[in-house]
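Novice: predicted model follows, preceded by the sequence.
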Amino acid sequence: MDHLTFRNELAQQLRVDSVRCSSAAGSGHPTSSMSAADLMAGLLDGHLRLDFDHPDDPRNDHLIFSKGHASPLLYSCLKAVGAIDDAELMTFREFGSRVEGHPTPVLPWVDVATGSLGQGLPIGVGLALAGKRLDRLPYRVWVLCGDSEMAEGSVWEALEHAGHEQLDNLIALVDVNRLGQTGQTMHGWDLDAYAARARAAGWRVLEIDGHDPEQVETALKDAEDGDGRPVAVLAATKKGRGIAEVEDQLGFHGKPLVHEDEAIQELGGLRDLRVTPAKPDAQGEPHVFEVRSGGLPAFELGTEVATRKAYGEALRALGDRRGDVVALDGEVSNSTFSEMFRDAHPDRYFEMFIAEQQMVAAAVGMQVRGWRPFASTFAAFLTRAYDFIRMAAVSRADLCLVGSHAGVAIGEDGPSQMALEDLASLRAVHGSTVLYPCDANQAVRLTEAMADRPGINYMRTSRGASRVIYSPEEAFPVGGSRVVRDGDDVTLVGAGVTLHEALHAADILAPEGIQARVIDLYSIKPVDAATLRRAAAETRGLVTAEDHWPEGGLGESVLSALAGVGAPVRVLAVRIMPGSGTPAELLGQAGIDAASIAAEARELLKA
């Protein structure tokens with residue numbers, strides 16, 4: 001048969017298999033899969049350059065299903081190329097199956113987890129940036145988007161950034177099937193509405209009938225001819241295409257078909273076609289990461305240095321030593337001090353502007369290709385990207401996040417800038433690491449440790465300068481803590497800003513005959529339970545102090561470590577909405593300064 005007939009038959013097979021696996025599972029999204037089947041048939045047959053036998057080939061194209069609920073279509077494609085067999089396809093959504101309800105990287109051909117809408121295109125921007133500026137390989141990044149997710153702000157962050165960076169290796173296939181979960185989408189089949197927005201962001205736009213194989217072929221060929229602009233193929237399609245009972249009908253989103261056998265017959269019956277995608281372009285050499293010798297910055301004992309500045313110097317030094325380290329920032333690099341890396345390594349620095357979702361998504365995309373991203377902004381603004389951080393864990397991503405200007409200690413800027421929930425939110429991410437240095441040398445060592453640690457790593461840095469209390473040679477293993485001062489009466493636990501307040505509180509208590517043990521709990525997660533339990537056994541109780549809301553932060557990390565021990569623990573945290581003021585005024589108002597810690601220790605000992 002000719003190639004257009006073959007693609008039509010292949011598309012029908014993809015529809016049939018989407019129906020079959022969804023019906024076997026008793027759930028899924030077959031109608032959302034059926035609308036994009038013609039696009040995927042055309043892509044597989046002649047345009048996607050991906051060696052499915054060697055998914056780690058750095059020259060491979062990348063395929064991201066941003067509309068991750070259309071996973072039956074993705075898995076049907078994997079069957080069509082021979083990556084999985086029919087038996088595995090029919091385990092869709094079963095316990096222990098690799099073909100999960102939404103795609104995850106348990107399958108080697110899936111780069112990132114999708115299913116939280118609006119994420120695939122921003123991550124595609126990160127992969128395309130890696131191809132253009134880091135790997136410098138001619139692979140393309142194909143992203144299948146749904147029209148419903150085009151309402152997400154993250155999609156427009158991606159459109160803006162891709163246009164600005166002239167990523168003509170990025171191609172968005174937008175399945176405009178008109179219907180969302182509960183009704184018509186904002187723009188329905190108004191392709192011009194989408195086109196105007198994409199063109200305004202600097203994209204080349206191709207509008208087609210997504211069910212016409214000739215138009216699909218012409219658009220895909222045209223999209224491959226890069227002219228310095230990313231390409232959006234806007235394909236008008238019908239949800240549930242090919243089955244009269246559900247085609248372009250509301251009420252069938254996320255449901256298997258009621259009459260499976262009749263639907264399969266209406267689609268022309270079972271098929272067992274195979275397609276072999278093109279091999280990747282042989283041009284270009286894979287990147288080899290350089291490792292060089294070089295020291296880390298060191299700070300003199302007793303000097304006053306902000307941990308955010310120490311982070312900047314450490315990141316620059318890591319960039320000198322390691323060719324895989326890249327930095328991204330949300331247009332506050334002169335505050336986070338990532339500008340030090342930018343000035344030393346401009347080819348590995350990425351300005352993401354005030355678009356925190358795109359910043360984290362780009363980091364996720366870059367780590368797919370083996371780069372080690374450090375993304376930094378004010379800690380408060382990372383909340384904008386929390387869903388991307390959560391999904392990065394589902395993607396098994398390895399990346400480093402750094403949030404500066406945290407807590408009431410930032411002072412006069414006021415509560416809109418004060419991250420008071422970051423420790424809790426990042427602790428809640430699966431497999432995450434949460435670190436909070438109190439001095440410059442500790443910040444340097446923890447920055448170095450993050451670079452080699454898997455999963456989502458977060459370090460909180462402080463705006464104000466703090467006294468250097470540790471020598472540059474000291475080690476700070478993740479999961480550890482440091483007993484900064486010994487004592488047998490009461491234990492004071494702090495981190496970052498409050499560690500210094502706890503030390504001052506110990507000085508206040510000493511003339512009263514109260515010997516306070518002070519623990520620097522720089523690793524909030526994982527936490528050093530052994531040291532905390534020893535303190536609980538050897539002193540009469542613990543007082544924790546944190547520049548954070550009481551929910552989910554340092555205090556609750558300590559309480560979880562001491563579960564079942566029965567030791568008295570007093571938790572000091574920010575409990576009222578702060579305003580503007582000096583750091584000292586705000587720490588005092590919040591009840592987490594040295595005087596407040598000392599007072600709470602006295603009360604604990606009286607009790």
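Specialist: Nice, I can see it. These figures come from a predicted structure and were not determined experimentally.

Novice: what about stretch 38-52, average pLDDT?
Specialist: Stretch 38-52 carries an average pLDDT of 97.

Novice: which parts of it are buried?
Specialist: Residues of stretch 38-52 classed as buried by neighbour count (16 or more other C-beta atoms under 10 Å): 38-45, 47-52. From N, CA and C alone the C-beta is placed, and that goes for glycine too.

Novice: and which of these is nearest to Val246?
Specialist: Nearest to Val246 out of those is Asp38 (C-beta to C-beta; 16.7 Å).

Novice: isn't that closest one right next to Gln215, touching?
Specialist: No: contact criterion C-beta atoms under 8 Å: Asp38 and Gln215 do not qualify, at 9.2 Å.

Novice: narrow the buried residues of stretch 38-52 to those in helices?
Specialist: If you go by DSSP state H, the buried residues of stretch 38-52 have Asp38, Leu39, Met40, Ala41, Gly42, Leu43, Leu44 in helices.

Novice: all strands of the stretch 401-550 of the chain, in order?
Specialist: Here the stretch 401-550 of the chain has its strands, by DSSP state E, counting those that start in this stretch, at 433-435, 456-460, 465-467, 482-485, 490-494, 516-520, 523-525, 542-545.

Novice: quick one: which of those is nearest Pro30?
Specialist: strand 456-460 (33.3 Å).

Novice: now that closest one: mean pLDDT?
Specialist: 99.

Novice: among the strands of the stretch 401-550 of the chain, which is nearest Gly210?
Specialist: Of those, nearest to Gly210 by C-beta to C-beta is strand 456-460, at 36.5 Å.

Novice: could you spell out the sheet neighbours of that closest one, each with its direction?
Specialist: Here strand 456-460 has these sheet partners by DSSP bridges: strand 399-404 (parallel), strand 433-435 (parallel).

Novice: now mean pLDDT, mean neighbour count and distance to Phe341 too, for the ones you listed, in a markdown table please.
Specialist: Below are those laid out as a markdown table (pLDDT from 0 to 100; neighbours: other C-beta atoms under 10 Å; distance: least, C-beta to C-beta, whole Å):
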| stretch | mean pLDDT | mean neighbour count | distance to Phe341 |
| --- | --- | --- | --- |
| strand 399-404 | 98 | 27 | 11 |
| strand 433-435 | 99 | 27 | 19 |
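
Novice: put together CSV for the strands of the stretch 401-550 of the chain, with distance to Gly126 on each row.
Specialist: CSV is the format used below for the strands of the stretch 401-550 of the chain (distance: least, C-beta to C-beta, whole Å):
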stretch, distance to Gly126
strand 433-435, 21
strand 456-460, 15
strand 465-467, 34
strand 482-485, 36
strand 490-494, 36
strand 516-520, 35
strand 523-525, 26
strand 542-545, 38
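
Novice: which is the next helix or strand following the longest helix along the chain?
Specialist: When the chain is scanned for its longest helix (criterion: DSSP H), the result is helix 3-25. On the C-terminal side of helix 3-25, the nearest following helix or strand under DSSP states H and E is helix 30-35.

Novice: buried ones in that next one?
Specialist: Buried residues in helix 30-35, defined by neighbour count with 16+ other C-beta under 10 Å: Pro30, Thr31, Ser32, Ser33, Met34, Ser35.

Novice: which of those sits closest to Val364?
Specialist: Ser32 (23.5 Å).

Novice: is it true that that closest one touches Gly68?
Specialist: No: taking contacts as C-beta under 8 Å, Ser32 lies outside contact range of Gly68: 10.0 Å.

Novice: quick one: secondary structure of Val305?
Specialist: State at Val305, reduced to three classes by DSSP: H, G, I helix; E, B strand; the rest coil: strand.

Novice: what about it, neighbour count?
Specialist: Using other C-beta atoms under 10 Å, Val305 is surrounded by 19 other residues.

Novice: check what pLDDT the residue lying closest to it once chain neighbours are set aside gets.
Specialist: Setting aside the residues directly before and after it, Val305 is nearest to Ala440 in space (C-beta to C-beta, 6 or more residues apart in numbering), at 3.9 Å. pLDDT, Ala440: 98.

Novice: and the one 5 residues further on, by the same measure?
Specialist: Note for Arg445: predicted pLDDT of 98.

Novice: the nearest residue to it once chain neighbours are set aside: what's it in contact with?
Specialist: Distance criterion C-beta to C-beta, 6+ apart; nearest residue to Arg445, sequence neighbours excluded, is Phe476 at 4.7 Å. Contacts for Phe476 were tallied using C-beta atoms under 8 Å, 6 or more residues apart in numbering; they are Pro437, Gln442, Arg445, Leu446, Ala449, Tyr470, Arg482, Tyr522, Ser523.

Novice: thought the second one was touching Ser523?
Specialist: No: using C-beta under 8 Å as the test, Gln442 is too far from Ser523 to be in contact (10.5 Å).

Novice: who has more neighbours out of these two?
Specialist: Neighbours per residue, other C-beta under 10 Å: of Gln442 and Ser523, the larger number sits with Gln442, 28 against 24.

Novice: if anything else comes up later, I'll come back, but that's it for now.
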